[in-house]
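J.: I would like the atomic coordinates for the input below:
(chains A and B)
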2 protein chains.
Amino acid sequence: MFDLSLTEAQSDAEVSALLQTLCETWHNTIPASKFMQITPVLFNGDSLQVTAPIDPNINLHHTMFAGSIYTLMTLTGWGMVWLQQQLSQAHGDIVLADAKVRYLKPVTKQPYAKVIWPYTDLTPLTRGQLVKITLEVALYCDEIMCATFTGQFVSFPQKIVSSE
Amino acid sequence: MFDLSLTEAQSDAEVSALLQTLCETWHNTIPASKFMQITPVLFNGDSLQVTAPIDPNINLHHTMFAGSIYTLMTLTGWGMVWLQQQLSQAHGDIVLADAKVRYLKPVTKQPYAKVIWPYTDLTPLTRGQLVKITLEVALYCDEIMCATFTGQFVSFPQKIVSSE
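T.: Here you go, the predicted model:
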């Protein structure tokens, strides 16, 4: 649990702690994310970057596997919602409802997935209401965009989910 | 390399050999598919079923991870194109161009992804032309549909891809 405002979160140490907790949450609860070595690397309050090496994510064309690219982009979106919930102290259980992905170019080097927070209001969670968030994630290899992802995430107030 | 007509492929031994080769192709060239234990189980010439156990694919909600569900459905589609190429002796390098996925229900038990072949003509591959194939994959948990996937696959004639 973090008690941070957006401004305070921008200090390096606090951002590092948040990203470390996010990474541990993934790797401890989603074995596939650990296998793929998916790792958050940069967060400034508004944007998040997440990466993964090519080796565990290779395919038979010796480029990054489509399933790994999608997983990296999905967790980038999920991670952004999780981080914003930590900052706003509005907690919910985050799931992906639907997504569209386009593969534009083969990924031949370690890519970075980037997402910008669209300033969705999360306070309904504190009143027991779910929140829907549409996020656009882009995947870059060097400076070239290689894939795009649009996902609708839903965050359920935790009491409602635990009673289902 | 298989030299089979659709009818001949329906004999159990030949189908088993095809599915074994497909599974080995995945596990030997896509480490994530081996980690997820993605395994083709049934093929009758028209439809393919592929499964994966929950354990390596769990998420923090104790259901199947969205990235694993997507990967299972992607490989189900890819596998169908690969199988049809084996049957028709029209070979190409298969990639996923884009996809849409909808998560309808949490996956709490081992699921099966199913796809039906839409009888796309693969013979342009033998004339050096690419083929686009749109596939609909559905994921079932018991008899309940839990996710849907629509993907556009492209198969490139192998000479063109190897010269890129």
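
J.: The longest strand seen in chain A - what's its average pLDDT?
T.: For chain A, the strand that runs over the most residues, judged by DSSP state E, is strand A:144-157. This predicted structure assigns strand A:144-157 an average pLDDT of 98.

J.: One more: stretch A:90-110?
T.: Taken as a whole, stretch A:90-110 has an average pLDDT of 97.

J.: ok, which stretches of chain A are strands?
T.: Secondary structure of chain A by DSSP E: the strands cover A:39-43, A:47-51, A:92-103, A:112-116, A:131-141, A:144-157.

J.: residues touching the residue most central in space within chain A, list them.
T.: The centre of chain A sits closest to A:T76, judged by C-alpha atoms, centre = their mean, with a distance of 2.2 Å. Residues touching A:T76, when contacts are defined by C-beta atoms under 8 Å, 6 or more residues apart in numbering or on different chains, comprise A:48-50, A:113-115, A:137. For glycine as for every other residue, the C-beta is placed from the backbone atoms N, C-alpha and C.

J.: Flag the shaky bits of chain A, pLDDT-wise.
T.: For chain A, applying pLDDT under 70 flags the ranges A:1-10, A:159-164.

J.: about what we covered before: what would the contacts of A:T76 look like in TSV with distance to A:V154 and neighbour count?
T.: As requested, these are exported to TSV (distance: C-beta to C-beta, whole Å; neighbours: other C-beta atoms under 10 Å in any protein chain shown):
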residue	distance to A:V154	neighbour count
A:L48	19	27
A:Q49	23	18
A:V50	20	29
A:A113	20	28
A:K114	22	19
A:V115	16	23
A:V137	16	25
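
J.: Quick check: beta-bridge partners of A:C141?
T.: A:I144 (DSSP bridges).

J.: Hmm, I typed the wrong one, I wanted A:L135.
T.: Assigned bridge partners for A:L135, using DSSP bridges, are A:G151.

J.: and B:S155, which of the strands of chain A is closest to it?
T.: In this view, the strands of chain A are compared for proximity to B:S155 by C-beta to C-beta, and strand A:92-103 is the closest at 14.3 Å.
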